[in-house]
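1. turn this into a model:
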Amino acid sequence: MLAGVGVSWYTWLEQGRDIKVSEQVLDAVARVLLLDFAERAHLYRLAGLNPPQAPFAPSVAASPEMQRLLGAWSPRPGYIRDRHWNFTAVNDAARVVFGYRESDHNCLVSFFINVRYRVLHRHWAATAPAVAAAFRADAARYPDDPEFGRIAADLAAASPEFAELWARHDVAEHTSAVKAVDHPEAGTMVFEATLLPLPEHPGHHLVLHNPHPGTETQQRLEALMRQHSLVVPHPG
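-> Here you go, the predicted model:
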């Protein structure tokens with residue numbers, strides 16, 4: 001009665017019968033049952049509909065637990081970025097290996113603007129289209145969030161390469177990648193990058209880099225960290 005639906009129809013809904021279900025009716029049922037966002041999304045999926053758009057979540061600083069995780073991940077590079085690709089935490093290894101400075105605040109902007117990063121990244125030109133397309137895919141998840149457009153517009157004004165790629169309207173998603181770095185002190189290092197979502201903070205991702213098997217990346221990485229007086233943990 002509170003949701004404005006008939007008892008028989010609601011019974012059929014719970015039984016999973018082949019009936020037509022509208023978003024408005026599901027929203028009414030979810031409201032009456034006091035479902036949270038995750039439960040409401042699950043209800044949509046059970047009814048064969050796309051879940052509602054995730055609510056905006058503010059960027060949050062990395063928790064002490066995440067900070068400790070990034071520290072323990074050293075000497076391997078790692079960082080956390082929010083839904084706008086802003087860095088919320090970067091470990092020392094990522095700064096040394098990829099050339100990130102304190103002035104680097106956004107992963108996308110640094111990719112196109114940070115000259116040191118571009119020089120280090122062996123396959124920068126080949127990777128750039130996928131990076132721009134991935135940012136557009138993330139922006140599409142939040143169509144009412146103007147910050148994506150602002151970041152893209154500012155970056156397009158500063159980077160002709162990004163402006164050209166953004167104008168293509170390409171969209172792509174990736175949760176892993178291989179990064180090759182030609183480091184002036186350590187030589188060539190190849191990493192497997194894995195993007196891990198942080199469910200407690202929607203849109204935030206933990207990005208971890210692991211030495212690619214069959215390369216000398218691990219040894220070169222440890223030597224580089226020692227050269228920069230950073231602690232290299234030993235097994236056991």
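
2. top strand in this protein by residue count?
-> strand 187-197 (DSSP state E).

3. and it, C-alpha only, in PDB?
-> This file holds the C-alpha atoms of strand 187-197, laid out as PDB (Å, rounded to 0.1, in the frame of the first residue of the first chain):
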ATOM      1  CA  GLY A 187      67.800   1.400 -16.800                       C
ATOM      2  CA  THR A 188      64.800  -0.300 -18.200                       C
ATOM      3  CA  MET A 189      62.100  -1.500 -15.800                       C
ATOM      4  CA  VAL A 190      58.800  -3.100 -16.800                       C
ATOM      5  CA  PHE A 191      55.800  -3.200 -14.500                       C
ATOM      6  CA  GLU A 192      52.400  -4.800 -14.400                       C
ATOM      7  CA  ALA A 193      50.000  -2.200 -13.200                       C
ATOM      8  CA  THR A 194      46.800  -3.300 -11.500                       C
ATOM      9  CA  LEU A 195      43.800  -1.000 -10.800                       C
ATOM     10  CA  LEU A 196      41.900  -2.100  -7.600                       C
ATOM     11  CA  PRO A 197      38.600  -0.300  -6.700                       C
END
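
4. so what secondary structure elements neighbour that strand?
-> On a contact count with 3 or more CB pairs under 8 Å, 6 or more residues apart in numbering; DSSP states H and E, strand 187-197 meets strand 176-183, strand 205-211, helix 217-227. No exception for glycine: its C-beta is placed from N, CA and C like everyone else's.

5. try 10 Å this time
-> strand 78-81, helix 92-98, strand 176-183, strand 205-211, helix 217-227 (3 or more CB pairs under 10 Å, 6 or more residues apart in numbering; DSSP states H and E).

6. buried residues of it, list them for me.
-> By neighbour count on 16 or more other CB atoms under 10 Å, the buried set for strand 187-197 is 189-191, 193.

7. buried ones in the lengthiest helix in the chain?
-> In the chain, with assignment by DSSP state H, the single longest helix is helix 124-140. Neighbour-count burial for helix 124-140 flags 124, 127-128, 131-136, 138-139 (criterion: 16+ other CB under 10 Å).
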